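> Predicted structure and sequence below. I'll ask about it afterward.
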Amino acid sequence: MFEETAVLAAVTILGILEQAHFCLQVISARRKFSVRPPATSGPAEFERVFRAQANCSEYFPIFVAVLWLSGLFFSQGLASACGLLYLYARLSYFRGYSRSPQQRLLPLYFSALLLWILLGTSCLGVLLAFLRLYLKLDVLEHFSCLLSLLKDSEEPPSVAQDPK
Ligand SMILES: CC/C=C\C/C=C\C[C@@H]1O[C@H]1/C=C/C=C/C=C\C/C=C\CCC(=O)O
Ligand SMILES: N[C@@H](CCC(=O)N[C@@H](CS)C(=O)NCC(=O)O)C(=O)O
């Protein structure tokens, strides 16, 4: 049972390692710019790294929740692909923000889009599970029946061969 979710688990571990990397970057920026805790302000270069890490951390619990909900209730493949892209977008956001506020924007939009896709597929997956469980209604099965009916009606009738 657990092994079936190994891909989601791998994406989660990768995400945790990414968070660790962002923390280490803040520690090294504190040393570089001599900003000792509990201070959180200093040169702009430091504050950008600090805010980038804080913003990524803020969204990490939401990311992990929707990654697993979408993976378990909708599709592990789609959720894992969105998850990997999200982690890449967050890395680009962090690197972009460390350079300038402007350079954070494109990866920020992309990461937000991926998060909303994961949230949307989570909602859809949970809704379909509710319908199956409480109303005994399998919407996906009805949908695939409908598709195969449509496909059959489009196929030309087979012409009987004239045995000469
Ligand atoms: C699934 C997400 C759940 C909860 C968070 C809810 C809302 C947060 C929105 O999803 C996040 C989208 C963020 C998009 C931001 C877009 C643009 C940033 C706006 C202005 C920046 C301009 C500037 O600083 O120069
Ligand atoms: N901690 C966020 C709270 C608001 C928020 O989540 N804003 C979204 C954008 S609308 C975000 O991802 N902000 C981070 C950023 O702008 O870099 C912030 O400082 O902006």
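Structure received. Numbering: from 1, shown residues only. Ligands and ions are numbered 1, 2, ... in the order given.

> Would you mind naming what in this structure lies close to ligand 1?
Residues of the chain lying close to ligand 1 (Cβ under 6 Å from any ligand atom) are 62, 108, 109, 112, 115, 116, 119. For the C-beta atoms, the positions are set from N, CA and C on the backbone; glycine is no exception.

> Relative to residue 155, how far out is the fifth one?
Spelled out, it's residue 115. With the distance defined as Cβ to Cβ, to the nearest Å, residue 115 ends up 41 Å from residue 155.

> repeat for the last one
The spacing between residue 119 and residue 155, counted by Cβ to Cβ, is 39 Å.

> Name the residue of this protein with the shortest distance to ligand 1.
Nearest residue of the chain to ligand 1 (Cβ to the nearest ligand atom) works out as residue 112 at 3.5 Å.

> Helices - which of the residues of the chain next to ligand 1 land there?
In this view, the residues of the chain next to ligand 1 that belong to helices under DSSP state H are 62, 108, 109, 112, 115, 116, 119.

> So for the third one, what pLDDT did the model give?
The one in question is residue 109. We have a pLDDT of 98 for residue 109.

> for the fifth one, same thing?
We note a pLDDT of 98 for residue 115 in this prediction.

> Assess the claim that it and residue 63 are in contact.
Yes. Counting by Cβ atoms under 8 Å, residue 63 is a contact partner of residue 115 at 6.5 Å.

> more neighbours, the two?
Counting neighbours by other Cβ atoms under 10 Å for residue 115 and for residue 63 shows that residue 63 has the greater number, 23 against 18.

> Run through the residues that contact the more buried one.
Residue 63 is in contact with 15, 83, 86, 115, 118, counting by Cβ atoms under 8 Å, 6 or more residues apart in numbering.

> Scan those and report the most crowded one.
Counting by other Cβ under 10 Å, residue 83 has the largest number of neighbours within the contacts of residue 63, with 27 neighbours.

> How about it: what's its closest non-neighbour residue?
residue 11 (4.0 Å; Cβ to Cβ, 6 or more residues apart in numbering).

> Residue 22 now?
Spatial nearest neighbour of residue 22, excluding adjacent residues (Cβ to Cβ, 6+ apart): residue 53 at 4.3 Å.

> What residues does that neighbour make contact with?
With contact set as Cβ under 8 Å, 6+ apart, residue 53 has these partners: 22, 23, 25, 26, 94.

> again with residue 82
Neighbouring residues of residue 82 by Cβ under 8 Å, 6+ apart: 67, 70, 114, 117, 118, 121.
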